[in-house]
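> no FASTA, just this:
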């Protein structure tokens, strides 16, 4: 793809009631939707009508039994996406999967099987983050330290990539008429590492796009290393141009250090759109989907969430980035508050301004359809980002509005496709097809 | 369902090229079929046209790189069955899954998710058998002894069943208008056992049929205990009436001892049908799908497979059951040769007769469509079996023949459905819906 063909990449989150945890009051539908496969099929068909690159499912294998909000992760992502892929063509499928609570063989097999049944449309968003609520569903062991988790995740993906490429029918030689196949098209991987011992080969062959596209969401230093090494689609928190350019530079530098072409890494940070007939109406809807009545309550919510004493809180005073830097004593994960710190590092903002710049820790864009389209194009046009992972405050409502009102503008501006092209996601994204390492290609099968 | 409504239960195996490992030479199609989702969709649609209860996928998470036969297990069963369920209505889905290489939480979540997306059509065939080729894909640990494997499998299924029932939206009380849901509809299970520690609740609710139907295939003593306790659909090797009645009695006695209603256990043993225009033609096709040229070669194959010295082999002398009793030094698994031993225990047969009674260790029925239908009805009519899991020698060919030639006869005889009825598989099979244990229903959520 040449530079002039460059198009926006847009994914869309389709978890349960939509992205913002207080916004379910503002959506249409019933509580039964979140466990109804037909509901997700409707969202996927909407996304297809909007020509999105992919639907995105975040995941967390535990039920959060908070009565004030809604469950956000229920049906298994791989099962639900297989169900959707069987009925909706073209659209990509982002499955968030844990490298901590899966074995490499099963992980490689299931994902490759979906990449095959979908015709090369799977993106795996590999997460290694630990959470005590999740850990309690998978054993009594205490959480290993972050370093160990990342080392394990690195080895996990190395093994999985080897398995994905371990059986390639294209390597078959001449097959005699009394034979069904040439088993030398498969080879063992004989991996023996710190965390895993896996012989292989995988009993599922390479997919139409080799293997699934790798997404990555880690914001920590180790997460950036992982992204630079393996990530092809980066889901991150970027709230402004300078913050995005700084993030891109970090990633590009790391990729260059290990000899990887940085143009094969696409930034598609989260973005929360709030679209209304006027900017005023969008501001009111923003307050509503945050679960508050007005701007004062929105500011109070911001102070509360960030541990600011309401007594001395001046919403019109400039904020200090250092005040928000994540540390071990804070509840939120590193990646999530980092976006706000990065925003405030490059830009002087009051709380009144800042609350309108992010929602659910992602970039917030609000206004009329034209204003929202302008803001989306703004950071994409100069290459700060390659596109966005749209996180609708509510589903289905905000997906419908975005598809009906914003997508046509992006299409009219010539920055977003009117029709799908390319046989696989790797083709559509312009990402390289994986090739086996030379020593793998000549390995002799075990049997 | 009253006794007079009693209908045959028929499942059909759809693994790769069909059941018999030498039969691929006799099938139509290409080697690419076995990794082509459209091929399996064609088989599932054929099975639906034949009004089968369910399609059956056996499984083995390793690639057998034997050049003389074909891979028999490739695409992940849960992914492939989700793909099929999304496009083919009514038909049940038997997924073979390992209790050894899955965590209870992920297992419960994935299966329940498919049971929901399919509208209550999943059967899980839980296997705990170990195989060194499989073990090598899941770590370097040596195989634990059989006793430990079964104890682990028992605890595994206990935990999985608790998880399946741990969130039931029907338990919701009045939900105030400012709340999305009532989290007391979910409860922790707080399991701490010998092999697993799992808090719960599952983040997927009960399915339309409560949870998946449990299939079981173990033939050993511990396998029978497991089947009597948990099994609802029993996949086994039954080659004759007396053998079937003896097997049924063992199972019924064990079920009675633990207070379970034996009528909730359905026997659907494997059956290999060979249908042709005449019995003579069926005999020739039997030889062909076994990969031999004539009856002499078939007998030589039998002698070889059973370690009989060809020098002193008289194919017309009565066989001694004890000669075939499985022991630790034999290669085949206990369940597989047990069928032949049970056959010979109750019936005096020569090798020439025995080779025509089983194929791939399952009951072989061959002849014209009428003869095959007669033999299927024979053991079903008096309740020896509840039906069969048809294992076609080749796919798609033998599935097509069975659907076109045999099914209409079974329908005309009034023993097999012309149309699907019942919303879920439990309804269709007349199996009870699971209910949570009383102490679970009153448990207070953890958060």
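Structure's in. What do you need? Note that the coordinates shown come from a computational prediction; the quantities given were computed from them, not determined experimentally.

> helix, strand or coil for the residue lying farthest from the centre of chain A?
The C-alpha centroid of chain A is most remote from residue A:178, which lies 47.4 Å away (CA atoms, centre = their mean). Here residue A:178 is recorded as coil under DSSP: H, G, I helix; E, B strand; the rest coil.

> Next, count neighbours for residue A:366.
By other CB atoms under 10 Å in any protein chain shown, the residues close to residue A:366 number 22. The C-beta positions use only the backbone N, C-alpha and C, and glycine is treated the same way.

> Name the next helix or strand downstream of whichever strand or helix holds it, please.
Under the criterion DSSP states H and E, the helix or strand holding residue A:366 is strand A:362-367. Beyond strand A:362-367 on the C-terminal side, the first helix or strand identified by DSSP H and E is helix A:369-381.

> Run the chain-centre distance for that next one.
A distance of 20 Å separates the centroid of the chain from that of helix A:369-381, by CA atoms, centre = their mean, to the nearest Å.

> could you point out which element follows the helix or strand containing residue A:109?
With the criterion set as DSSP H and E, the secondary-structure element containing residue A:109 is helix A:104-117. Per DSSP H and E, the first helix or strand lying C-terminal to helix A:104-117 is strand A:122-127.

> which residues of chain A score low on pLDDT?
When the per-residue scores of chain A are filtered using pLDDT under 70, the ranges that remain are A:1-4, A:129, A:218, A:327-336, A:436-447.

> where exactly do the helices run in the stretch 201-350 of chain A?
If DSSP state H, counting those that start in this stretch is used as the criterion, the helices of the stretch 201-350 of chain A fall at A:221-230, A:241-257, A:279-289, A:295-305, A:334-346.

> What count of nearby residues applies to residue A:307?
As a burial measure, residue A:307 scores 11 neighbours (other CB under 10 Å).

> does any bit of stretch A:75-93 sit next to chain B?
Yes - with CB under 8 Å from any CB of the partner chain as the measure, stretch A:75-93 is seen reaching chain B through A:75-76, A:78-80, A:82-83, A:85-87.

> Just the buried ones out of those residues, please.
A:75-76, A:78-80, A:82-83, A:85-86 (16 or more other CB atoms under 10 Å in any protein chain shown).

> Point to the residue nearest the middle of chain A.
In chain A, the C-alpha nearest the mean C-alpha coordinate belongs to residue A:235, at 4.5 Å (CA atoms, centre = their mean).

> Hmm, it is touching residue A:215, no?
Yes - under the criterion of CB atoms under 8 Å, residue A:235 makes contact with residue A:215 at 5.9 Å.

> what touches both of those two?
Counting by CB atoms under 8 Å, 6 or more residues apart in numbering or on different chains, the common neighbours of residue A:235 and residue A:215 are residue A:125.

> any chance you could map the strands in the stretch 1-150 of chain A?
Listed in chain order, the strands of the stretch 1-150 of chain A (DSSP state E, counting those that start in this stretch) span A:9-13, A:54-57, A:92-98, A:122-127.

> So what does residue A:198 have for phi and psi?
Note on residue A:198: backbone dihedrals following degrees, to the nearest 10 are phi -140, psi 130.

> Spit out the contact partners of the spatially closest residue to it that is not a sequence neighbour.
The shortest distance from residue A:198 to any non-neighbouring residue, by CB to CB, 6 or more residues apart in numbering or on different chains, is to residue A:191 (4.7 Å). The contact partners of residue A:191, taken as CB under 8 Å, 6+ apart, are A:158-159, A:162, A:197-200.

> could you redo the strands of the stretch 1-150 of chain A as CSV and give each row distance to residue B:47 and mean neighbour count?
Compiled in CSV, the strands of the stretch 1-150 of chain A are given as follows (distance: least, CB to CB, whole Å; neighbours: other CB atoms under 10 Å in any protein chain shown):
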stretch, distance to residue B:47, mean neighbour count
strand A:9-13, 35, 26
strand A:54-57, 30, 27
strand A:92-98, 27, 25
strand A:122-127, 27, 26
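
> For the stretch 101-250 of chain A, list the residues in contact with chain B, please.
Taking CB under 8 Å from any CB as the criterion, the neighbours of chain B within the stretch 101-250 of chain A are A:101-103, A:105-106, A:109-110, A:113-114, A:116-117, A:136-140, A:167, A:169, A:175, A:178-183, A:186, A:192, A:196-205.

> for residue A:41, what are its contacts?
Contacts for residue A:41 were tallied using CB under 8 Å, 6+ apart; they are A:83-84, A:87-88.

> Identify, from those, the entry nearest to chain B.
Of all the contacts of residue A:41, the one with the least separation from chain B (CB to the nearest CB) is residue A:83, at 4.5 Å.

> I'd like the distance between the closest one and residue B:209.
The span separating residue A:83 from residue B:209 equals 17 Å under the rule CB to CB, to the nearest Å.

> Tell me the buried residues in stretch A:300-314?
Applying a neighbour-count criterion of 16+ other CB under 10 Å, one finds A:300-303, A:306, A:308 buried in stretch A:300-314.

> how long is that stretch from one end to the other?
Using CA to CA, to the nearest Å, one end of stretch A:300-314 lies 10 Å from the other.

> Residues contacting it, please?
Stretch A:300-314 is contacted by residues A:290-292, A:299, A:323-324, A:351, A:354-355 when judged by CB under 8 Å, 6+ apart.

> give me that answer again for 7 Å
Outside stretch A:300-314, the residues within contact range by CB atoms under 7 Å, 6 or more residues apart in numbering or on different chains are A:290, A:292, A:324, A:351, A:355.

> And stretch A:280-295, by the same measure?
Applying CB under 7 Å, 6+ apart, the set of residues contacting stretch A:280-295 from outside is A:20, A:22-23, A:25-26, A:274-276, A:298, A:301, A:359, A:366-367, A:393-394.

> that older thread, and the helix holding residue A:109, what does it pack onto?
Packing partners of helix A:104-117 (3 or more CB pairs under 7 Å, 6 or more residues apart in numbering or on different chains; DSSP states H and E): helix A:77-85, strand A:122-127, helix A:146-164, helix B:77-85.

> and with 8 Å instead?
Helix A:104-117 is packed against helix A:77-85, strand A:92-98, strand A:122-127, helix A:146-164, helix B:77-85, with contacts defined by 3 or more CB pairs under 8 Å, 6 or more residues apart in numbering or on different chains; DSSP states H and E.

> Using a markdown table, please lay out those together with distance to residue B:434.
As requested, the helices and strands packed on helix A:104-117 are exported to a markdown table (distance: least, CB to CB, whole Å):
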| stretch | distance to residue B:434 |
| --- | --- |
| helix A:77-85 | 20 |
| strand A:92-98 | 28 |
| strand A:122-127 | 32 |
| helix A:146-164 | 35 |
| helix B:77-85 | 20 |
